[in-house]
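>>> pasting the sequence and the predicted model now:
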Amino acid sequence: MNFRRISLISVPYLWLLVLFMVPFGIVFKISISDYAISIPPYAPTLEISNGWVGIKAFLSKLDFENYVFLTEDDLYWKAYISSLQIAIFATALTLLVSFPIAYGMANAPDAWQPTLMMLVILPFWTSFLIRVYAWMGILSQEGFLNQILMNTGAISEPLIILNTNWAVYIGIVYTYCPFMILPIYATLEKLDTSLNEAAIDLGCSRTSAFWLISVPLAKPGVIAGCFLVFIPTLGEFVIPSLLGGSRTLMIGKVLYEEFFANRDWPLASSVAVVLLMILIIPIVLYQRNQQKMMEDEQ
Amino acid sequence: MRRLTWFNTTSLTIGFTFLYLPMVILIIYSFNDSRLVTVWAGFSTKWYGELFENEAFLDAAWVTLKVAVVSSTIATGLGTMAAYVMVRGGRFFGRTLFSGMIYAPLVMPEVITGLSLLLLFIAIGLDRGMLTIVLAHGTFSMCYVSVVVSSRLVSFDRSLEEAALDLGSSPFEAFRLITLPIIAPAVISGWLLAFTLSLDDLVIASFVAGPGSTTLPIKIFSSVRLGVSPEINALSTILIMLVTIGTITASLVTKRSVQRRQMEEQMANQ
C-alpha cells in the first residue's frame, strides 16, 4: 500500500522537479555567468573533475553583471516598460470588447447559451498562430480592411496598421478575448436576475441598473479575466513579431532575439529571470482572487 | 427573466462577427486563383494541390502529429496521476511545492519555459529532436490535464470508491473499475486539450526542436514571417476545418452521453 502511494506521488513529482524546477535553476545559474565564444556559449562551466578547487573557481566567476547591464542598457528597461504599457492597455481594450459580449451571452435565452459558449470556445481550440496570421491579410496596406474603406470612400490613402502597435493591440484583443469573456460570463450567468428587476421596479433605469447592479457583481469575473489576459500578454512573442513593427518593443520578443539572433544566452537568461520576478506579483494577486471567489461560493 | 434587448443583440452580433470574420476571410482567400493574396481573381483550389505536393509541409505535419499523439498520451497519464495525488493524496512532504509546480506552468510565459527546457537539455547533453519536443510538451500539458481531471475528481462521490474497497477490491482495482470510468470524460477532454496544445505550440517547440524535427507551427511561422501566402491560407483552412469538425463532434458526443446518463438516472429513480 505504502509503496504504491509513494510511487504514485513520486512519478509526477520527479517529472516536474526534473523538467520544471531544475531548468529554472539552470536559467538562474546561466544568468549569472558570462557570455563566451564557445559551445555552449557561456562561461564558466563547472569542472567537477577538479574537485573542490574547480567548484571554488567556478563560483568565484559568477556575478550579477548581466542584471546590472539590464538596468544600464536602454533597450532592456524600455522593453520592460513598453511591455507593461502594451499589456495594460491591451487588457483594458479586451475588457471593453469582451464585457458586452459576455453580458449579451448571459442575457440570451437559456436555449442559446450552450451554443454561444461553444462559439466562444471554438476559436480557442483553433491554432493561435493561424488566428494571428489571419489579421496579417486584413490589416496590411493592400489588405481587406483598407480595400473596403477605400472602396466605400471612407479614406483616400490606405491606413498603415500592420507593423504598428495598433496591430499588436488588435491581435491581443482578438486572441485573448475568450479568456476574458468566459470568466465574466460565468459570474454574470449566476447573477440573480430578480436583483435587476427589483432595481427597475424601484425606479432605476435599465442603464443605471446595469452600472449599479450587474457591473459591480461581475467584479470577480472581471478581475480573473484581466489577469488571464495580462499575464500571458506580458511575455507574448508571436503577436509582436508577426503584427508588430520593428519599433514594437516587447520583452518576449527581445528575449527570443537575444537568444537566437545574438546567441547571448546569459543575457537572455537574466531577461527571463527579471520577467519572472515581475510576473510573480500579478500571479499571486490572481491566486488570491481565485481563492476569494471559491470562498464566496461556499 | 432573460430577454434579448437591442443592446444584447447588437453586442452579440458585433462580438461574434469580430471573432469569426477574420477566419472566414482567410478561408475565402484560400480559394483565390491569384498569387496576390489581396486581389480576387476567381475561384480555384490550386493552392490545396500545391500544398499536398510540398514535401516540407507534409513532413512537418507528420512530425507534429507524432509529437502530439505521444506527448498528449504521456501528459494524460502523468496529469491524471498528479490530479489523483492532489485530490486524494492527503498530506505528504513537499505538497505545497507540488501544487505550485502544477499551477506555475499554466501562467508561465512560453519563452521562459522554452528557454529553461532547452538549457536543461543542453546541460544533460540530450540532442534536440522529437524526443525533446515530446518531453517539453508532455511537461506543460500534464499541468492542464491535471487541472481538468482534478476538477472532476473533486466533484466525485468518494463513497463509491470506499464501498468498492469495503467489498474487498484492491486500491488499484477500485481505481480501475470505479474511479477511472467515472472520471473518463475528464481524462478524454484532458487528452484532447493536451493534443491541441501540442499541435498549436510554436514558441516552446522552436526552442527545443532540432534541425531534423521541424514542426508545422515552426514551418508556418518561418514562411509567414515573410508575408501572407496562399499556401498558408489553404493550410490554415484545413486546420480550421479539422478543429471545427472535432469540436462539434466532441460536444455532440458529450451532450448525448449526458442525456443518456440523465435518462438512466431517471429510470433508476423510478
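Noted; the coordinates are in hand.

>>> other residues contacting stretch A:271-278?
When contacts are defined by CB atoms under 8 Å, 6 or more residues apart in numbering or on different chains, stretch A:271-278 is touched by residues A:27-28, A:31, A:67, A:70, A:76, A:80, A:84, A:234-235, A:251-252, A:254-255, A:258, B:108-109, B:111-112, B:115-116. Every residue, glycine included, has its C-beta placed from N, CA and C.

>>> with adjacent residues omitted, what lies nearest to the closest residue to chain A within chain B?
Distances from chain B to chain A, computed as CB to the nearest CB, single out B:Pro109 as the nearest residue at 2.5 Å. With CB to CB, 6 or more residues apart in numbering or on different chains as the criterion, B:Pro109 has its nearest non-adjacent residue at 2.5 Å, and that residue is A:Gly235.

>>> do me a favour and get the backbone dihedrals for the one you found.
According to degrees, to the nearest 10, the main-chain angles of A:Gly235 amount to phi -100, psi 20.

>>> and if you look at A:Ala43?
Geometry field for A:Ala43 lists phi and psi as phi -140, psi 150, criterion degrees, to the nearest 10.

>>> quick one: stretch A:140-154 to chain centroid distance?
31 Å (CA atoms, centre = their mean, to the nearest Å).

>>> which of the residues in it are buried?
Neighbour-count burial for stretch A:140-154, with 16 or more other CB atoms under 10 Å in any protein chain shown as criterion, is recorded at A:140, A:143-146.

>>> between those, which is nearest A:Phe179?
Of all the buried residues of stretch A:140-154, the one sitting nearest A:Phe179 is A:Leu145; the distance, using CB to CB, is 24.6 Å.

>>> show me what the helix or strand that the closest one is a member of is in contact with.
A:Leu145 is part of helix A:144-151, with elements assigned from DSSP states H and E. Surrounding helix A:144-151, the residues in contact under the criterion CB under 8 Å, 6+ apart are A:137-140, A:155-156, A:158-159, A:161, B:25, B:38.

>>> which of those count as buried?
A:137-140, A:159, A:161, B:25, B:38.

>>> name the single longest helix found in chain B.
Of all segments of type helix in chain B, defined using DSSP state H, the longest is helix B:230-269.

>>> that one vs chain A: in contact?
Yes - contact between helix B:230-269 and chain A, assessed by CB under 8 Å from any CB of the partner chain, occurs at B:232-233, B:236, B:239-240, B:243-244, B:246-248, B:251, B:255.

>>> of those, just the buried ones, PyMOL syntax please.
Those of the residues of helix B:230-269 next to chain A that count as buried under 16+ other CB under 10 Å are selected in PyMOL with:
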select buried, chain B and resi 232+233+236+239+240+243+247+251
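
>>> in chain A, where is pLDDT below threshold?
Counting by pLDDT under 70, chain A contains low-confidence residues at A:1, A:38-39, A:45-51, A:54, A:57, A:298.

>>> so for the longest helix of chain B, what gets flagged as buried?
The neighbour-count criterion (16+ other CB under 10 Å) identifies B:230-237, B:239-240, B:243, B:247, B:251 as the buried residues of helix B:230-269.

>>> one more: stretch A:94-105?
The neighbour-count criterion (16+ other CB under 10 Å) identifies A:94-95, A:97-105 as the buried residues of stretch A:94-105.

>>> check these against chain B, which are close?
Applying CB under 8 Å from any CB, the subset of the buried residues of stretch A:94-105 adjacent to chain B comprises A:97-98, A:100-101, A:103-105.

>>> could you export those residues as CSV, including secondary structure?
CSV is the format used below for those (DSSP: H, G, I helix; E, B strand; the rest coil):
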residue, secondary structure
A:Val97, helix
A:Ser98, helix
A:Pro100, helix
A:Ile101, helix
A:Tyr103, helix
A:Gly104, helix
A:Met105, helix
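
>>> of those residues, closest to A:Tyr185?
A:Met105 (5.1 Å).

>>> quick one, what contacts that closest one?
Counting by CB under 8 Å, 6+ apart, A:Met105 has contacts A:113, A:116-117, A:120, A:181, A:185, A:188-189, B:12.

>>> what comes up buried for stretch B:92-105?
Taking 16+ other CB under 10 Å as the basis for neighbour counts, the residues of stretch B:92-105 that come out buried are B:98, B:101-102, B:104-105.

>>> so it, near chain A or not?
Yes - with CB under 8 Å from any CB as the measure, stretch B:92-105 is seen reaching chain A through B:92, B:94, B:98, B:101-105.

>>> and these, which of them are in helices?
In helices, judged by DSSP H, the following of the residues of stretch B:92-105 next to chain A are found: B:98, B:101-105.

>>> on that earlier part again, after the helix holding A:Leu145, which helix or strand is next? Please name it.
Moving toward the C-terminus from helix A:144-151, the first helix or strand encountered (DSSP H and E) is helix A:165-190.

>>> any part of that next one near chain B?
Yes - for helix A:165-190 and chain B, the contact criterion (CB under 8 Å from any CB) is met by A:174, A:177.

>>> need the residues that contact stretch A:280-292.
Residues lying outside stretch A:280-292 but in contact with it, judged by CB under 8 Å, 6+ apart, are A:220, A:223-224, A:227-228, A:230-231, A:234, B:103, B:107.

>>> right, I'll call it a day here.
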